[in-house]
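> requesting a structural model of the entry that follows:
(one chain, ligands or ions: 1)
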Amino acid sequence: MMPELDKPHEECGVFGVAANHAQAARQAYFGIFALQHRGQEAAGIAVSDGARLRLHKDVGLVSQVFDEGIIAGLQGHMAIGHTRYSTTGSATAPNAQPMLLDTRHGPVALAHNGNLTNAAQLRQRLMEQGVGFTSTSDTQVMIMMLAASDGGSWMDRITATMAKWQGAYSIVVLTNEGVYAARDPWGLRPLTVGSLPGGGHAAASETGALETIGCDGVREVHPGEVIALHREALIVRQALEPDLRLARCTFEHIYFSRPDSVWDGRVVHDVRYRLGQQLAREMPVEADVVVPVPDSSIPSGLGYSAESGIRFDIGLVKNRYIGRTFIQPSHEMRVQGVALKFNPMPSVLGGQRVVLIDDSIVRGTTMRHLVGMLRGAGAVEAHVRVTCPPIRHPCFMGVDMSTYDELIAHKMSVEEMRISLDADTLHFVSLEGMMTAIGREQGYCNACFTGQYPFEIPETAGKFSLEPMGEGRV
Ligand code: SF4
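Residues are numbered from 1 along each chain as shown. Below you'll find the model as predicted:
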């Protein structure tokens, strides 16, 4: 188990494809490989040849779970895939996705990115009807509901079931009849579709994954939409009206998405660059060098540097081979994680007044050690600038910050945080400034900054709300 940084964890990555050849699983492999940053705990691919569904999944990275022999054995022209980070339920093999179920309508497989906030109530209702569960994942609740749903087609059954779900869900569904992609009416998590070169269609959490396999005509699955992917065409249905309070997750821009992905019509790299510029305008400081926390803060560092005229340099080097891997429950392990992930560059930092740019602060553990690292390498001042506002509230929609206790900004004022982090100055971009950089006034969730959730959050919502007695986090 590798140590992890003090960052919000990605949700998950989903991928679906209807191809005009029997190697859909190979395309799904490349698709989820391109989404690896969204979840490193488990990976899986389900494939159908129109008569039979096959599934392979396990804990580990995509490259660890699949090899050439496994992919060659997954024959079929339709496939879905998943990379998992455990937002609901712990990181155990039964919670890996896609989940596969035999139903009276034939087999169905489902992969999910997000978190249902009413999963505990839905699960309880099913259990009262005699349904049993083998996992603690909300995805099993979803697939059980799909199986029990009435309707003449899978499109109808997905439509009927979506109306009962509250929360974040971008899903791909595979049956012997087709591949389907659907997104919640608040638009919380991303989901996109595109056309494959040479025929066929694919869906993926991020546009970057569709680009990887050469798709064109890429567009979002709109909030509340269900799309059936066929080789020849996309069949689109507006299953639910988009909610008036559209609530895209701001963290896709700030941290989660690949910089080359497009979210809400904006290239993520460009938004991060503008966030850096905005920070420089809101919180200027006299300094010698702008240093980003690699990799996600590099565009913001460039933006801060361009706006302020302070030179940009790489003062921290990241070991890219450690990866964003497993959760670390202990403080000590997180401390070790920082030491393993970053090394300072004394030749860049020595004798310098440093502006350190980071995308977010959750617990504060990583930042405290990075500031110590700068000082240890000879920096004479450390000015910390953060490209999102203080995170003061938990997320119940699929991002792993589900308790107030873990959030340093919930427990401390900015000045108390500055002292705790041992920074000379500490500033977060304003909410208005962040939205200016995104280029929207509304349509985003922002609940982790404001406490204003897009819908009522049941008391039972939270990552381990489905955890049975005796089972815990691994
Ligand atoms: S609360 Fe924050 S992390 Fe969660 S969905 Fe909303 S913006 Fe994203």
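
> what ranges do the helices span in the stretch 51-200 of the chain?
Taking DSSP state H, counting those that start in this stretch as the test, the helices found in the stretch 51-200 of the chain are 62-65, 68-73, 119-128, 138-148, 154-162.

> ok, the residue in the stretch 151-300 of the chain that the ligand sits nearest to - contacts?
The ligand sits closest to Cys249 of the stretch 151-300 of the chain, with a gap of 3.3 Å, by CB to the nearest ligand atom. For glycine as for every other residue, the C-beta is placed from the backbone atoms N, C-alpha and C. Contacts for Cys249 (CB atoms under 8 Å, 6 or more residues apart in numbering) come out as 168, 188-190, 256, 397-399, 444-445.

> which of the residues you listed sits closest to Ser305?
Within the contacts of Cys249, the smallest distance to Ser305 is 23.6 Å, found for Phe256 (CB to CB).

> isn't the closest one right up against Leu35?
No. Assessed by CB atoms under 8 Å, Phe256 is found out of contact with Leu35, at 10.6 Å.

> shared neighbours, the two?
Common neighbours of Phe256 and Leu35 (CB under 8 Å, 6+ apart) do not exist.

> need the residues of the protein near the ligand, please.
Residues of the chain found near the ligand (CB under 6 Å from any ligand atom) are 188, 249-251, 395, 397, 399, 445-448.

> secondary structure and pLDDT for those - can I get that in a markdown table?
Shown next, in a markdown table, are the residues of the chain next to the ligand (DSSP: H, G, I helix; E, B strand; the rest coil; pLDDT from 0 to 100):
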| residue | secondary structure | pLDDT |
| --- | --- | --- |
| Leu188 | coil | 97 |
| Cys249 | coil | 97 |
| Thr250 | coil | 97 |
| Phe251 | helix | 95 |
| Cys395 | coil | 94 |
| Met397 | coil | 92 |
| Val399 | coil | 87 |
| Cys445 | coil | 97 |
| Asn446 | coil | 97 |
| Ala447 | helix | 97 |
| Cys448 | helix | 96 |
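
> so where's the stretch 301-450 of the chain uncertain?
The model of the stretch 301-450 of the chain has pLDDT under 70 over residues 320-340.

> one more time with 90, if that's ok
Counting by pLDDT under 90, the stretch 301-450 of the chain contains low-confidence ranges at 318-342, 365-366, 398-406.

> quick one, strands of it?
For the stretch 301-450 of the chain, strands defined by DSSP state E, counting those that start in this stretch occupy the ranges 311-312, 316-318, 342-344, 353-358, 381-386, 425-428.

> what's the domain layout of the protein?
The chain is divided into the following domains under automatic domain parsing: 12-247, 267-441.

> in TSV: those, plus mean neighbour count.
Output for these, formatted as TSV (neighbours: other CB atoms under 10 Å):
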stretch	mean neighbour count
domain 12-247	21
domain 267-441	20
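
> export those as a markdown table, with columns for distance to Gln452.
What follows is these, written out as a markdown table (distance: least, CB to CB, whole Å):
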| stretch | distance to Gln452 |
| --- | --- |
| domain 12-247 | 9 |
| domain 267-441 | 9 |
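
> so which of those domains comes closest to Pro458?
Once those are compared by CB to CB, domain 12-247 is nearest, at 5.9 Å.

> start to end distance for the closest one?
Using CA to CA, to the nearest Å, the end-to-end distance of domain 12-247 comes out at 18 Å.

> just how off-centre is it within its chain?
Relative to the mean C-alpha coordinate of its chain, domain 12-247 is positioned 15 Å out (CA atoms, centre = their mean, to the nearest Å).

> can you pull the contacts of the residue of the stretch 251-400 of the chain found nearest the ligand?
Nearest residue of the stretch 251-400 of the chain to the ligand, counting by CB to the nearest ligand atom: Cys395, 3.1 Å away. Counting by CB under 8 Å, 6+ apart, Cys395 touches 8, 401-402, 447-448.

> quick revisit: how about the contacts of Cys249, which pair is most distant?
In terms of CB to CB, the contacts of Cys249 reach their longest pairwise distance at Gly398 and Tyr444, which sit 14.8 Å apart.

> which ones are touching Leu174?
Leu174 makes contact with 16, 46-48, 53, 78-80, 98, 108-110, 180, according to CB under 8 Å, 6+ apart.

> could those residues be laid out in CSV, adding distance to Val271?
CSV is the format used below for these (distance: CB to CB, whole Å):
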residue, distance to Val271
Gly16, 26
Ala46, 33
Val47, 35
Ser48, 37
Leu53, 39
Met78, 34
Ala79, 31
Ile80, 29
Pro98, 31
Val108, 37
Ala109, 34
Leu110, 31
Tyr180, 30
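
> return the member of these nearest to Ser296.
Nearest to Ser296 out of the contacts of Leu174 is Gly16 (CB to CB; 26.5 Å).

> now do the SS call for that closest one.
At Gly16 the chain is in strand, as set by DSSP: H, G, I helix; E, B strand; the rest coil.

> the ligand versus that one, what's the distance?
The gap separating Gly16 from the ligand is 22 Å, by CB to the nearest ligand atom, to the nearest Å.

> list the beta-bridge partners for that residue.
Note on Gly16: beta-bridge partners by DSSP bridges are Ile80, Ala203.

> was I right about it contacting Tyr180?
Yes. Counting by CB under 8 Å, Tyr180 is a contact partner of Gly16 at 7.5 Å.

> any residues in contact with both of the two?
Common contact partners of Gly16 and Tyr180 (CB under 8 Å, 6+ apart): 172-174, 229.

> now for Asn20: which residues touch it?
Asn20 neighbours (CB under 8 Å, 6+ apart): 77, 196, 198-200, 231.

> 10 Å instead, please
By CB atoms under 10 Å, 6 or more residues apart in numbering, Asn20 lies in contact with 77, 196, 198-201, 231-232.

> swap in Arg219?
Counting by CB under 10 Å, 6+ apart, Arg219 has contacts 192-195, 207, 210, 227, 234, 262, 265.

> Gly443 now?
By CB under 10 Å, 6+ apart, Gly443 lies in contact with 186-187, 223, 245-248, 264, 435.

> in these, find the pair that's most separated.
The largest separation in the contacts of Gly443, counting by CB to CB, is between Pro223 and Met435 at 18.7 Å.

> hang on, Met162 packs against Val226?
Yes. If you go by CB atoms under 10 Å, Met162 and Val226 touch, sitting 7.3 Å apart.

> between these two, which contacts overlap?
Listed as contacting both Met162 and Val226 by CB under 10 Å, 6+ apart are 171, 182-183, 239-240.

> next, give phi and psi for Leu234.
Phi and psi for Leu234, reported as degrees, to the nearest 10, are phi -110, psi 130.
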